[in-house]
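Visitor: I'll drop the sequence and a predicted model, then ask my questions.
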Amino acid sequence: MVHSNPARVDRGVFKVDRKFHVGMQIYSENISVPLTTVHPEMSPDEAIMDLIEVPCSELPYRVMTIKADPGSRLPPQGILRLREQIAGSRLVYGTGFGASNIARDLGVPYILIVECDLKTQMALMTNHIAGVPRRIVRAAKCAWQYGTGSIPEMRGAHSLHCNGYPVYDATRRYNANRLLYLDSRMSADMIIPREDLAARLAGRAERPLRLLFSGRYERIKGADDAVRVAVGCLRRGLDIEMHFYGQGRLRPEMELIAGKAPQSGRIFIHDAVTFTQLVTIAQSFDLFVCCHGQSDPSCTYLESFGAGLPVIGYANRMWSRLCETSDAGLVFPIGSHKKVVDEVEKLLRNSAMVAAMSEKARLFATAHCFELEFQRRIDALNSAMG
């Protein structure tokens, strides 16, 4: 299994992201062959947001870390180590380090994990360099070369595991054997209990409509437009309050925009909280405002659904398809934060619609919880190995 998750082995202790380790434990319990994970080696001063440290002797899988340059290019010794590992494997799963090319050369079947189509890759790569035309063009060219260069890789794969609708649709022409999955950290026990959702909906009329945004405070995530939604609602005198949880470069601008509201004390811009804290916090809200301009397969959607929150958001390609499939929210043209305000005003007068979308959100999250989505991938891997 080849992963982009940076990791480090330090004096017999494996250090990695917690979500990765939990997933690998499940893989190990349900796949009959021994597993080896390959990671870019993390430098000693590099931080992991949700770090877990496990003695290597207690791991149910083997770990290999390889030093690579910032472009994930391996030195000759690293290529040799990876080639030796793949030569003794029945299947290669994942993307990175040129592992699929090595597997193809050795006649070992491989399954690719693909998360972003070309349009999304270009948006992600140019996001942090707005205003510098030459760098934007260079980044766009890199994304284009990477996206088009991966076409033979996809065509030669046993199958593709596609995270989200945009990349699932975009790869249809390259490989007919594709698995669609919806990634999130929302396990079944984290989903809001039916009785708690019913109680929240029953008390709706007695308090302000509570709006939520969580995630990175960045333009591409629409954090600034989400604040504009809150300000627009308050300027109309709507009985709402809105809370933000996250971190990022836009926070000063968000606070400036919020300060222009007539009742700015109803807009709360918080620091980031842990995922487990956010799960509990989200269950006390009514709607999630998602002004994402990009079409990445964000965990935000299913994790909001798990709290029984309908999503009202911009028509990026991921949310447009997910909204149509789940019927648990509403879609608006990208950049149309005033239309989102119009809809909030309507929903304040239509508690039945809020309730119906909330219940559909919970049902969809239940049907696509972490355990079920992960099991589908495990079944596909076992099937590929015969």
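Guide: Yes, it's here.

Visitor: next helix or strand past the lowest-mean-pLDDT helix or strand in the chain?
Guide: The helix or strand of the chain with the lowest confidence, counting by mean pLDDT, DSSP states H and E, is helix 133-149 at a mean of 46. Counting by DSSP states H and E, the next helix or strand C-terminal to helix 133-149 is helix 151-155.

Visitor: elements contacting that following helix?
Guide: Where contact means 3 or more Cβ pairs under 8 Å, 6 or more residues apart in numbering; DSSP states H and E, helix 151-155 is packed against strand 110-114. C-beta here means a position set from N, CA and C on the backbone, and glycine is covered the same way.

Visitor: chain center to the strand it packs on, what's the gap?
Guide: 17 Å (Cα atoms, centre = their mean, to the nearest Å).

Visitor: do the same with stretch 345-361
Guide: 25 Å.

Visitor: now do the same contact list for Arg185.
Guide: With contact taken as Cβ atoms under 8 Å, 6 or more residues apart in numbering, Arg185 is in contact with Lys19, Phe275, Cys299, Glu303, Phe370.

Visitor: for Pro193, state which of those residues is nearest.
Guide: Of all the contacts of Arg185, Pro193 sits closest to Glu303, with 16.2 Å by Cβ to Cβ.

Visitor: which stretches in the stretch 51-200 of the chain count as helices?
Guide: Ranges of helices in the stretch 51-200 of the chain, per DSSP state H, counting those that start in this stretch, are 76-87, 99-106, 118-126, 133-149, 151-155, 165-170, 194-202.

Visitor: of those, which shows the lowest average pLDDT?
Guide: Lowest mean pLDDT of the helices of the stretch 51-200 of the chain: helix 133-149, a mean of 46.

Visitor: gap between the two ends of stretch 237-253?
Guide: 23 Å (Cα to Cα, to the nearest Å).

Visitor: let me see the mean pLDDT of it.
Guide: 97.

Visitor: residues of it that come out buried?
Guide: Leu238, Ile240, Glu241, Met242, His243, Phe244, Tyr245, Gly246, Leu250, Arg251 (16 or more other Cβ atoms under 10 Å).

Visitor: what does stretch 104-117 give?
Guide: Residues of stretch 104-117 classed as buried: Arg104, Val108, Pro109, Tyr110, Ile111, Leu112, Ile113, Val114, Glu115, Cys116, Asp117 (neighbour count, 16+ other Cβ under 10 Å).

Visitor: CA atoms only: put it into CSV for me.
Guide: Output in CSV follows, covering the C-alpha atoms of stretch 104-117 (Å, rounded to 0.1, in the frame of the first residue of the first chain):
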residue,chain,number,x,y,z
ARG,A,104,3.5,-2.6,-14.4
ASP,A,105,7.1,-3.2,-15.4
LEU,A,106,7.2,-6.2,-13.0
GLY,A,107,3.8,-7.5,-14.1
VAL,A,108,2.3,-6.9,-10.6
PRO,A,109,-1.4,-5.7,-10.7
TYR,A,110,-2.1,-2.4,-9.2
ILE,A,111,-5.1,-0.4,-8.1
LEU,A,112,-5.0,3.4,-8.1
ILE,A,113,-6.6,5.7,-5.6
VAL,A,114,-7.7,8.9,-7.4
GLU,A,115,-9.1,11.9,-5.6
CYS,A,116,-9.1,14.9,-7.9
ASP,A,117,-9.8,15.3,-11.6
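
Visitor: all numbers from here: first residue = 34
Guide: I'll keep to 34 as the first residue from here, and by that count the last item is stretch 137-150.

Visitor: starting at the chain centroid, how far to it?
Guide: Averaging C-alpha positions (Cα atoms, centre = their mean) puts stretch 137-150 21 Å from its chain's average.

Visitor: same deal with stretch 295-309?
Guide: Mean-position distance between stretch 295-309 and its chain equals 21 Å (Cα atoms, centre = their mean).

Visitor: end-to-end on that stretch?
Guide: 33 Å.

Visitor: same deal with stretch 124-138?
Guide: End-to-end distance of stretch 124-138: 13 Å, with Cα to Cα as the criterion.

Visitor: any weak-confidence spans in the chain?
Guide: Residues of the chain that meet the criterion pLDDT under 70 lie in 103-105, 151-182.

Visitor: domain boundaries for it, per the record?
Guide: Structurally, the chain divides into domains by automatic domain parsing as follows: 41-219+404-417, 222-399.

Visitor: circling back: among the contacts of Arg218, name the ones in helices.
Guide: Lys52, Phe308, Glu336, Phe403 (DSSP state H).

Visitor: closest one to Cys266 out of the residues you listed, please.
Guide: Nearest member of the ones in helices among the contacts of Arg218 to Cys266, counting by Cβ to Cβ, is Glu336, at 23.3 Å.

Visitor: quick one, which of the domains of the chain is packed in tightest?
Guide: Comparing the domains of the chain by mean neighbour count (mean count of other Cβ atoms under 10 Å), domain 222-399 ranks first with a mean of 19.

Visitor: who's in contact with Gly236?
Guide: Contacts of Gly236 by Cβ under 8 Å, 6+ apart: none found.

Visitor: please name the nearest non-neighbouring residue to Glu377.
Guide: One thing to correct before we go on: residue 377 is Val, not Glu. Counting by Cβ to Cβ, 6 or more residues apart in numbering, Cys266 is the residue found nearest to Val377 once chain neighbours are left out, at 5.4 Å.
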